[in-house]
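Undergrad: predicted model and sequence below, questions to follow.
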Amino acid sequence: MEHSSKNLFLIGLMGAGKTTIGKALARRMHLQFIDSDHEIEARTGVSVRTIFELEGETGFRARESSTIADLTLRKGIVLATGGGAVLLEETRKCLNERGIVIYLRARPEDLYKRTKHDRERPLLQTDDPLAKLRALLEARHTFYEKTAHIIIDTGEQGVPRLISNIEKELLEFQTQS
Ligand code: S3P
């Protein structure tokens with residue numbers, strides 16, 4: 001397996017901290033931070049929520065997949081992906097082959113705490129968002145685990161602690177490969 005040590009891709013469910021941790025990691029490692037949802041919004045000129053309304057989840061996934069296919073060709077980036085980016089095989093392949101993939105793993109209860117006031121994530125606008133997060137984790141955890149090179153458990157610890165855990169794991173991973 002070939003890895004570009006210059007790209008780091010963050011995957012995980014909504015509320016796992018991909019954007020917050022991604023920004024801090026990029027600053028620390030002098031890489032450029034990109035968020036795939038923001039890139040999709042910049043390309044289309046509308047919000048993710050609007051894309052879901054107009055084109056459904058299938059339409060959004062197609063846009064997400066082609067955006068990630070482009071972005072992963074760059075060098076020297078930290079890419080925070082949307083929580084469902086791992087659903088399509090071609091996207092998983094782009095991520096896995098073009099950088100080091102870090103899965104930010106979290107418990108549904110913690111994800112719920114961080115997303116409960118959110119009105120922008122279409123999949124969480126249900127009567128029972130915690131049950132939805134549990135179901136999404138159940139449906140996706142295998143994809144996250146098999147796409148990732150590194151798994152980081154996020155819990156109560158703050159960003160600096162997580163960043164230093166990631167750095168340690170990256171060092172170990174790069175020594176092994
Ligand atoms: C989604 C996660 C969102 C966004 C969209 C769908 C998902 O991104 O791409 O609402 O299917 O889990 P975040 O994980 O950044 O919230």
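TA: Perfect, I can see it now.

Undergrad: which residues in the chain form helices?
TA: If DSSP state H is used as the criterion, the helices of the chain fall at 18-29, 36-44, 48-71, 89-98, 108-115, 129-147, 159-176.

Undergrad: list the buried residues for the first one?
TA: Looking back up the chat, that one is helix 18-29. When neighbours are counted by 16 or more other CB atoms under 10 Å, the buried residues of helix 18-29 are found to be 18, 21-22, 24-26. In this view, the C-beta of every residue, glycine as well, is placed from N, C-alpha and C.

Undergrad: kindly report the same for the last one.
TA: Buried residues in helix 159-176, counted by 16+ other CB under 10 Å: 162-163, 166, 169-170.

Undergrad: could I get the helices of the chain as CSV with mean pLDDT and distance to residue 77?
TA: Rendered in CSV, the data for those read as follows (pLDDT from 0 to 100; distance: least, CB to CB, whole Å):
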stretch, mean pLDDT, distance to residue 77
helix 18-29, 97, 8
helix 36-44, 98, 11
helix 48-71, 98, 7
helix 89-98, 98, 10
helix 108-115, 96, 24
helix 129-147, 98, 17
helix 159-176, 94, 15
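
Undergrad: a markdown table please, covering those helices and showing distance to residue 6.
TA: Conversion of the helices of the chain to a markdown table gives the following (distance: least, CB to CB, whole Å):
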| stretch | distance to residue 6 |
| --- | --- |
| helix 18-29 | 9 |
| helix 36-44 | 18 |
| helix 48-71 | 13 |
| helix 89-98 | 10 |
| helix 108-115 | 29 |
| helix 129-147 | 19 |
| helix 159-176 | 11 |
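
Undergrad: distance to the ligand for the ones you listed - can I get that in JSON lines?
TA: Written out in JSON lines, the entries for the helices of the chain read as follows (distance: least, CB to the nearest ligand atom, whole Å):
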{"stretch": "helix 18-29", "distance to the ligand": "6"}
{"stretch": "helix 36-44", "distance to the ligand": "5"}
{"stretch": "helix 48-71", "distance to the ligand": "5"}
{"stretch": "helix 89-98", "distance to the ligand": "12"}
{"stretch": "helix 108-115", "distance to the ligand": "8"}
{"stretch": "helix 129-147", "distance to the ligand": "6"}
{"stretch": "helix 159-176", "distance to the ligand": "16"}
